[in-house]
Every structure is written in C-alpha cells, then in structure tokens.
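Engineer: Here's my sequence, what's the structure:
(2 chains)
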Protein chains: 2
Amino acid sequence: MDIKKYVIEKCRLAKNASRKLSYTGTLAKNKALLNMGKALLKNSDYIIDENKKDVKNARNKGISESLIDRLMLDDKRIENMANTLNDTAALPDPVGEVTKMWKRPNGIRIGKMRVPLGTIGIIYEARPNVTVDAAALCIKSGNAVILKGGSEAINSNIAIYNVISKACEESGIEKGAIQFIDITDRESVEVMMKLNEYIDVLIPRGGAGLIKNVVKNSTVPVIETGLGNCHVYVDSDADFEMAENIVINAKTQRPGVCNAMETLLVHKDIADKFLPHMCQRLKALNVEIRGCDITRKIVEDILPATDDDWATEFLDLILAIKVVPSIDDAIEHIYKYGTKHSEVIVTNNYFNSEKFLKEVDAAAVYVNASSRFTDGGQFGFGGEIGISTQKLHARGPMGLNELTTSKYIIYGDGQIRE
Amino acid sequence: MDIKKYVIEKCRLAKNASRKLSYTGTLAKNKALLNMGKALLKNSDYIIDENKKDVKNARNKGISESLIDRLMLDDKRIENMANTLNDTAALPDPVGEVTKMWKRPNGIRIGKMRVPLGTIGIIYEARPNVTVDAAALCIKSGNAVILKGGSEAINSNIAIYNVISKACEESGIEKGAIQFIDITDRESVEVMMKLNEYIDVLIPRGGAGLIKNVVKNSTVPVIETGLGNCHVYVDSDADFEMAENIVINAKTQRPGVCNAMETLLVHKDIADKFLPHMCQRLKALNVEIRGCDITRKIVEDILPATDDDWATEFLDLILAIKVVPSIDDAIEHIYKYGTKHSEVIVTNNYFNSEKFLKEVDAAAVYVNASSRFTDGGQFGFGGEIGISTQKLHARGPMGLNELTTSKYIIYGDGQIRE
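Structural biologist: Next comes the predicted model:
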C-alpha cells in the first residue's frame, strides 16, 4: 500500500467535507451527535469484541495493568462515550456567533463572526475515548476531523470510528467529515505534518516525544498541548490548612496529568512550622519528597533535590520542595523552571496575590485554589480537545470556541474608500 | 562576525526585556511612545541624512523611481511617523483587559485576561516607516520586538532605531525592548526562524517570496500575511452604478495592495447590460482587461483570460473578468481560486447577500462595499501590524488586540478538585 497516497486521500476527503460542514445548521449537527451516541450503545458488543483484541495484544506485549485499564472498554465506558456525544449536542453552537459588531463613520457595519477552522488533525495515543471526544467537539464546531490514533487501541478505534462515522453520515452530515487513519505506520504522521493544503491545524495529544516531534517538524500550524511543570507557592501569610489541602489535591488527586503540581515552593518565614506536618501528610499518601537543603534540615528522611528535579514533570507521586526567601524568588523560580501551564499562590496577603497574578506568565494563574482545575470541564467549557501550552491562537483548556476562527462580515450600501 | 551568535544575543536581550515589559503600566508605555515621537522630530536631520545614503544606493542599483519614492524620507514623512507614535499612545491598552469573568458552582471565579505574546519578530522589506509602526504597536501591547528590515532601507532603519530605542529606554521602559538586526545577511532570518526559545511569533511583511520562505521553514509560530486574490461578484440584482463604483475603487484606488480586487465575476443575466459601460470606465483608467469568452463577445478589444489569470494576484492595473451562470458558480470560483482574503458581493437580493456571507470563507466578506476596507485603520483598530491570511490566532487586520494572548486568572478560597 502507498501510505502517502492513502493518507493524502483521506485528508482530501475531510477537507472536501469541511466546506459544507462549515455552514451546516446547529440542529443538523446536534441530530448527528445524538445518533452517533445511540449507535455506540447499539453496537457496544461489536466495539467490546474489537477492544478485547487490543487488550489481548497489550497483555502479550507485557504492557502494565494501569495502561491496560486505560485501554479497556466495557458497557459503562461506552455509555460514558455516548453521554459525551449527548452532552456535546447540548452545548451552545459557537459557529455563527457574532462576538461583536460595530459601525464605522462611513456607515459600514463590521461584525466579527465565529467560523470553523476547517479541517483538524488529531494525533493521539492510547485511550479510545479520545476518538469520540475529538469527533464530537469537531463536528459540533463545524470542523472536519482526521483522527490518527495509537497502535495500542487500533482495533477499538476502528470499531468506534466505523460506528460513529456511519451514524454521522446517515444523519445527513456531509460524507467524509470524520476520517480515521487506520494504519499505525509512523509515516502517516509524517505525511499529515506537511499537508498544509488539506489540514488547517494539527493537535498532538500524548507523550512529550510525540508532541515535540510534531511541533518541530510540522509545517501545518500546530497547537502544542500537555507539558505542565506546575508549582504551588505557599506564602508567609498562608492559611496552613488551606495550603496543605491544596498541595495534597494538586499533587495526589491524579498525579499523571499535566495540571498536577510538581514542585512546592515555601516562604522561609513559615517553612519550619509548615513543612513538618505537610510532609507527614504527603508521606502518608506515599509521595516521595525531594527537598532543598533547608527543607532537609527541617524534615528528616528527605532525598536531596537536584537541578534536574526542578525542571522535571514527574507525572508521578514525586514532589520537589524548595524553601524561598521571598515571593520574588518564588516567581523567579517559576520563570526559570516552569512551563507556563498552571501556577498557584496560597496567601492571605492581598498585595502578594495581585503581584503573583500579574507577574507570573502562565495559561492559568491561581490564588488559593488547586491547579487541578485547569481543564475544559472544570472551567465550564463542556468539553476540551486539549490544554494549549502555547501562546498563539488559544492558551489553556480548549473547548468549542477554541476550535473556531473568525470571519469579518461587512454590511455596506455602496461605500468605497476615499 | 559570528552572525548566529549575534542574532541570538539580540533576541535573548529582547526576551529578557519582554518579561518586565509584559506588566509595565499603560502610563509608562504611553510616555515612552510620546517621547519616541518627540525624539524622531528632534533628530529628523540625522535620519534624513542617513536616508539619503539609502536613496543614493538605490539609484545606483537602478531601482525604479516608484520604489525610491517609498523609501525616501522628508520632514513631512518623519512628522507622520511621530504622529503614528502619538496616535498609538492614545489607543486603549489591550493588556490587562479581562474580556470575560465567570463563577463556577464551586465558587472559583475565572477571568480571561489579555496579556502580551512576549517577543515578536518582524521581518520586513523596503519602507522605513514599518520600523516605527511595528515598534509602536509592540511596545503599546507590552511586547518586546525584534526588527529585521530589508537591505534597501538599512541606513534609514538603523538611524530610526537608534533614535527611538534610546528614547524608549530613557523613558524608563526595560532596556532591550526594541532590537534591530542591523545586518542584511539572509542568515540572520534563518537564525530567527529557529529561535523558539526567544521569539514567540514571527510576522513576515513583504513580498510573496519572503512570506513563503518564513512559513515553510520557521519552527517559531508564524502569522502569515499579505496574499490577496480578491473578487467582486456583481449579482443579477445589483445596482449598476454602485457596482461600477465599487469595482473601480477595489481595482484602481491602490492596485498594488493585498485588498485590491483581481477578478470581477458578473452574473450572466446582466452581463451584456453591465459590462460595456463598466469596461469603458476601467479602460479609461488604463486597466488592462482579460476576459472569459462571454466577456469577449460582449466587449470588444479584450485579451483572453487564462486559468493562470484567475489564480494571479496581479497587484497592478490588470483585471480578469468572468461571466458566471449563478451565485453558486461565483462562490465556486472564489473557493477554487481565492486566497480567503476579502470577497465582495454587490446585490440588492437579501437571500443572496446572506448566502454569500455564509458560504464564502474569507477573512472579510462584504456586501455592497469595496474590498479596500480590509485594513486595521479602516476597521477602527487604530493601526495594524499586518493582515493575517491564516486561520489560527488572528484572521484579517491585526491591531493591538491581536498582539496579545490570554491568561486565565482564578480567584479561589481554598477550592480543591473532588
């Protein structure tokens, strides 16, 4: 098989479908989403059977049980996917919204209208639910989507794709609006990265290696997602109980995700009072602590933190702790080692809270709340296609609005430029 | 000289300055802009002397007088540059604006705040006024700027840069906020295109060759500007006089710019009544017409249009004309040959006006007005850094708002994620 030709043809079909899809009405899109949900439930046996092949292959490869758990589908999980489709249907349609409109002195009226981006390529790994999440958000926002899933979930993904794309098309959505690259060869990603003609934006979702490869090599515009070396800074004026709860939540509630905390910064004036009980609670939750010299003088049995630790996104039950002389040093540390994802200050000092909000440059800057809220659902966007860690186009959780661009619509009555 | 080291150092200095500049107050930025304007007026003799070197070099190279006119500076033009700085100071500061703020059920308040992009690289050709325009917009929007001007204006640009950067720094803006790459070697552009560490976005302004090179080779995010193969479609229901005036304005008011019209599409039902007088007026203004077969049957002495003509941005007093059977064919032609810049329908038919607005995908879609309004000043943005022809981040004229990204600021009182 000529992989290049095959991938180009899939992308061409998506681009083609994107044209009519871009101005397909809300009711038609919602109907399709609901039918896709029904089709998933109706075909759950087929999907689960295909999923079993992936699980078996994963076991044969000796993949860890925690990864296999992420891969595995059952009736409950398929119901959740159907719910995602129903929930997306219930969200407001961003397309056609005129976010502002104004009149110029010469009488022309200019409106800024949200329109779809066109064709969105999603390159992802592992979890089969991304297939549904991405398709739902793209269709709702009027975009055609090209899905390129990982090899571990290939049978599950193909089954899900077969079911939802058929239901989508039978509901009257332009044929070809959802495409799935059903080959796992890496060459297909190489081809997608150069297809500026057919793909408007690429969103890689997965490990750091995948994301770096796409950012470095794609000529198609990319939205970078994922990397998060997040900090919590406990100021001298912090409420200790609040600080402890936020630290525990940010570190342990789900350590493997990008909005989890990786380094705790503590003001020197409170370190000897705050750290002992804090570390006791962390250790009770099996968190490995790597501390600076001062931390290690205050609390026993803590490994030394290296410069590498400050720069590492552990994505695990590991926490680096550093005692800092001032809020300025905390901000400096975050500037030096942070990835501009989510940063937290815990304080009761008004001036410091405002200083932190102003001077820390990140997608989300928090006062007195856990970094774990950086998420489309938690922000109230209904769903998310990923969390952008770049500055261009979208920053932070990306919902339906972030899958649109704008078109200026101008109403005149014969105006010409003098 | 090690060009690579030199360019990297300039960009590093800009990145460094961008940090404090990002939260420098509006009054301080305005003061700097006004002082930069005063400094230009005070040093106009120096700038004009340096400009004379560029003009002399251009004459020696046999560059056309129209290009030399664009290069030449006099007191009046320096006054205009100073006015640009004063006008930019008077514009509202986009930085810190919270465009929306909402509360979640758990009580956290989330605000979406405009913040600077960071460091913006501008690669441009010819006109020395871009040096001032770009610096003014970047400083006002809290961004550091790295200017890379063309070789034709190198002496003028260095002089302008010396004057404004000194005035900027003396006004208290972080040292290094304006950088100028004062070597004309192409290698410096190559270096900038790979400096993701120090440059947040690159904006190439100039000819198609420059823009293509940057879009194709830059790993730094790029905003593509400039290409405009724009159409005016005269519908069967159009007011002829309005249509003629719009066509004349869109084609001849300034033919060398991206929002000028390149192809006129005319509905077949009115072609024989509309085209003769239309072409008479165009010819009287020295417009060369290249027509389709039907056009050439209606109007005498018209060259045949080739497929290439439909796809060409003439940027000159040349117009292609095609008679189309329906509005759908007009939209189809625009889809096939257009560059999604500015598209116009002239009609008095409500249904067709809405259809055109909905189905034509472009940065700006007009009903009954000239395409020449696609411009930051004409849109009321006060100034523009370019016209984006891509979909990501910004589309159409880019003013101060488009030089910002967002930061979510979150106010909590101890919230953690369940």
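
Engineer: pLDDT wise, what is A:Asp69 at?
Structural biologist: What the model reports as pLDDT for A:Asp69 is 88.

Engineer: Show me what whatever helix or strand it lives in is packed against.
Structural biologist: Applying DSSP states H and E as the criterion places A:Asp69 in helix A:65-71. In terms of contacts (3 or more C-beta pairs under 8 Å, 6 or more residues apart in numbering or on different chains; DSSP states H and E), helix A:65-71 is packed against helix A:44-60. C-betas here are computed from N, CA, C, even on glycine.

Engineer: CA atoms of the helix it packs on as PDB?
Structural biologist: Output of helix A:44-60 as PDB, limited to C-alpha atoms (Å, rounded to 0.1, in the frame of the first residue of the first chain):
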ATOM      1  CA  SER A  44     -21.400  -1.900  22.100                       C
ATOM      2  CA  ASP A  45     -20.900  -5.700  21.700                       C
ATOM      3  CA  TYR A  46     -19.000  -5.200  18.400                       C
ATOM      4  CA  ILE A  47     -16.900  -2.500  20.000                       C
ATOM      5  CA  ILE A  48     -16.100  -4.500  23.100                       C
ATOM      6  CA  ASP A  49     -15.200  -7.500  21.000                       C
ATOM      7  CA  GLU A  50     -12.800  -5.500  19.000                       C
ATOM      8  CA  ASN A  51     -11.400  -3.900  22.200                       C
ATOM      9  CA  LYS A  52     -10.700  -7.400  23.500                       C
ATOM     10  CA  LYS A  53      -8.200  -7.800  20.700                       C
ATOM     11  CA  ASP A  54      -6.300  -4.700  21.700                       C
ATOM     12  CA  VAL A  55      -6.300  -5.800  25.400                       C
ATOM     13  CA  LYS A  56      -5.000  -9.200  24.400                       C
ATOM     14  CA  ASN A  57      -2.300  -7.700  22.300                       C
ATOM     15  CA  ALA A  58      -1.300  -5.300  25.100                       C
ATOM     16  CA  ARG A  59      -1.100  -8.200  27.600                       C
ATOM     17  CA  ASN A  60       1.000 -10.200  25.200                       C
END
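
Engineer: roughly how far is that helix from the heart of the chain?
Structural biologist: What separates the centre of helix A:44-60 from the centre of its chain is 26 Å, taken as C-alpha atoms, centre = their mean, to the nearest Å.

Engineer: how long is stretch A:103-120 end to end?
Structural biologist: 34 Å (C-alpha to C-alpha, to the nearest Å).

Engineer: Same question for stretch A:290-308.
Structural biologist: 11 Å.

Engineer: what's the neighbour count on the closest residue to A:Glu402 other than its chain neighbours?
Structural biologist: Take A:Glu402 and drop its neighbours on the chain: the residue closest to it by C-beta to C-beta, 6 or more residues apart in numbering or on different chains is A:Ala394, 4.0 Å away. Using other C-beta atoms under 10 Å in any protein chain shown, A:Ala394 has 25 other residues around it.

Engineer: Distance check, A:Ala394 against B:Leu227.
Structural biologist: As judged by C-beta to C-beta, to the nearest Å, A:Ala394 and B:Leu227 stand 24 Å apart.

Engineer: How about A:Asn401?
Structural biologist: Per C-beta to C-beta, A:Asn401 is found 27 Å from B:Leu227.

Engineer: and the closest residue to A:Ala135 other than its chain neighbours, what is it in contact with?
Structural biologist: Spatial nearest neighbour of A:Ala135, excluding adjacent residues (C-beta to C-beta, 6+ apart): A:Ile178 at 5.2 Å. By C-beta atoms under 8 Å, 6 or more residues apart in numbering or on different chains, the residues touching A:Ile178 are A:Ala14, A:Ala135, A:Cys138, A:Ile139, A:Ala144, A:Val145, A:Leu147, A:Tyr161, A:Ile164, A:Ser165, A:Cys168.

Engineer: Dump those to TSV, plus secondary structure, pLDDT and neighbour count.
Structural biologist: Formatted as TSV, those follow (DSSP: H, G, I helix; E, B strand; the rest coil; pLDDT from 0 to 100; neighbours: other C-beta atoms under 10 Å in any protein chain shown):
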residue	secondary structure	pLDDT	neighbour count
A:Ala14	helix	98	27
A:Ala135	helix	97	27
A:Cys138	helix	98	29
A:Ile139	helix	98	28
A:Ala144	strand	98	32
A:Val145	strand	98	28
A:Leu147	strand	97	26
A:Tyr161	helix	98	21
A:Ile164	helix	98	27
A:Ser165	helix	97	22
A:Cys168	helix	98	24
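
Engineer: Check the residues you listed and tell me the two furthest apart.
Structural biologist: Spatial extent of these (C-beta to C-beta) is set by the pair A:Ala14 and A:Ile164 at 14.6 Å.

Engineer: Show me what residue of the stretch 201-350 of chain A gets nearest to chain B.
Structural biologist: A:Asn249 (3.6 Å; C-beta to the nearest C-beta).

Engineer: Correct me if wrong: that residue contacts B:Glu418.
Structural biologist: No. With contact defined as C-beta atoms under 8 Å, A:Asn249 does not reach B:Glu418; the gap is 9.1 Å.

Engineer: what about the two, which has more around it?
Structural biologist: Using other C-beta under 10 Å, the more surrounded residue of A:Asn249 and B:Glu418 is A:Asn249, with 23 against 7.

Engineer: interface residues of the stretch 51-200 of chain A facing chain B?
Structural biologist: The stretch 51-200 of chain A comes close to chain B at residues A:Trp102, A:Arg104, A:Ile108, A:Ile110, A:Val115, A:Leu117, A:Gly118, A:Asp200, as judged by C-beta under 8 Å from any C-beta of the partner chain.

Engineer: got a list of contacts for the lengthiest strand in chain A?
Structural biologist: The residue-count maximum for a strand in chain A (DSSP state E) belongs to strand A:404-415. For strand A:404-415, the external contacting residues (C-beta under 8 Å, 6+ apart) are A:94-95, A:98-99, A:106-117, A:141-142, B:239, B:242, B:245-246, B:357, B:361-370, B:373-374, B:379, B:391-392, B:395-396.

Engineer: residues contacting A:Asp375?
Structural biologist: Listed by C-beta under 8 Å, 6+ apart, the contact partners of A:Asp375 are A:Asn259, A:Glu384, A:Ile387, A:Pro397.

Engineer: How many neighbouring residues does the residue nearest to the last one when sequence neighbours are not counted have?
Structural biologist: What sits nearest to A:Pro397 in space, not counting adjacent residues and going by C-beta to C-beta, 6+ apart, is A:Gly376, at 4.0 Å. Neighbourhood size, A:Gly376 [other C-beta under 10 Å]: 21.
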